[in-house]
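>>> what's the 3D shape of this:
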Amino acid sequence: MAAPRTVLLTGAAGGIGTLMRALLPRYGYTLRLFDARPVDGEPGAVTADLTDRRALRAAVRGSDAIVHLAGISLEAPFEEILHANIEGTYCLYEAAREAGVRRVVLASSNHAVGFTPVPAPGEPPVPVDTPHRPDTFYGLSKCFGEDLASLYRDRHGIESVCLRIGSCRPEPTSVRMLSTWLSPADCARLLHAALTADGVGHTVAYGSSANTRLWWDLGTARALGYTPLDDSETYAAGLPAEEPADGRSLIGGEFCTPTPPTRRA
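As a prediction, this is how the structure comes out:
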């Protein structure tokens, strides 16, 4: 697929969105920015809720593809997850359908399979076709997003790449992240591959760097043309040797505990 010229980036004020605003244009993209919060330093960004159908239609119209990062990224009351992550993603796909946009790259999450056990040393990595085992309402919303993308592929012909992103930040900050880390540079490489690969249909792929301690299979991501260049092991010596045991044996980590990380009011 030829590289799209104009890409709508939702969640542009968020953590990953902020990183990608700096990195994706290096691949030749012109970004349209959309977020429920103002995007610092970007007066042309659209500030609106995803369920504002008029604002969303205007932002999608004329876009060649969409990178959908918007939504709540921690646990929250179900009503909030329903509005931001479930209704918001539905509105996005409807706007894409109406505008004739044929490619969406959707930020899913490893928390869609959070209750999956971490593979023991010597065991094969967790495959991409492992059954959904969400660890929170947040993780459940990512299962919905993956299935919604499948529906819109089969019913409306919109191709989607659903990326089960691990932990995308400048460097890992915990032992768990040595397995889940996705460097910002590798994230941009992965998004570029997802935007330009041919015949993706409905693809689900894990999103991580080439970590020595990687838990899941990156084969699907590599098949898109993704070549990760970074490894979290570079940072291992500077991290604490031990972490709390609760949830450590499960992919979702502390999201699998009775008190998962929660969105602050």
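
>>> Report the separation between the nearest residue to residue 47 once chain neighbours are set aside and residue 184.
Nearest non-adjacent residue to residue 47, counting by C-beta to C-beta, 6 or more residues apart in numbering: residue 38, 5.2 Å away. Using the backbone N, CA and C atoms, a C-beta is placed for each residue, glycine as well. The gap separating residue 38 from residue 184 is 22 Å, by C-beta to C-beta, to the nearest Å.

>>> separation between the residue nearest to residue 21 when sequence neighbours are not counted and residue 67?
Of all residues not flanking residue 21 in the chain, residue 12 sits nearest, at 6.0 Å (C-beta to C-beta, 6+ apart). Residue 12 is 9 Å from residue 67, where distance means C-beta to C-beta.

>>> Name the secondary structure element that contains the spatially most central residue of the chain.
With distances taken as C-alpha atoms, centre = their mean, the residue of the chain nearest its centroid is residue 107 (2.3 Å). Assessed by DSSP states H and E, residue 107 sits inside strand 103-109.

>>> With residue 191 instead?
Assigned by DSSP H and E, residue 191 belongs to helix 184-196.

>>> I'd like to check the angle between that helix and strand 103-109, please.
140 degrees (axes from the mean of the first three to the mean of the last three C-alpha atoms, to 10 degrees).

>>> From residue 229, how far out is residue 118?
Residue 118 sits 24 Å away from residue 229, going by C-beta to C-beta.

>>> out of the two, which sits in the busier spot?
Neighbour totals were compared for residue 118 and residue 229, and residue 118 leads with 18 against 10 (other C-beta atoms under 10 Å).

>>> ok, that one to residue 213 distance?
Between residue 118 and residue 213 the distance is 10 Å, computed by C-beta to C-beta.

>>> Need the residues touching each of these two.
Common neighbours of residue 118 and residue 213, counting by C-beta atoms under 8 Å, 6 or more residues apart in numbering, are residue 179.

>>> Let me see the ranges of the strands in the stretch 101-250 of the chain.
All strands of the stretch 101-250 of the chain, identified by DSSP state E, counting those that start in this stretch, fall at 103-109, 159-165, 167-168, 181-182, 202-207.
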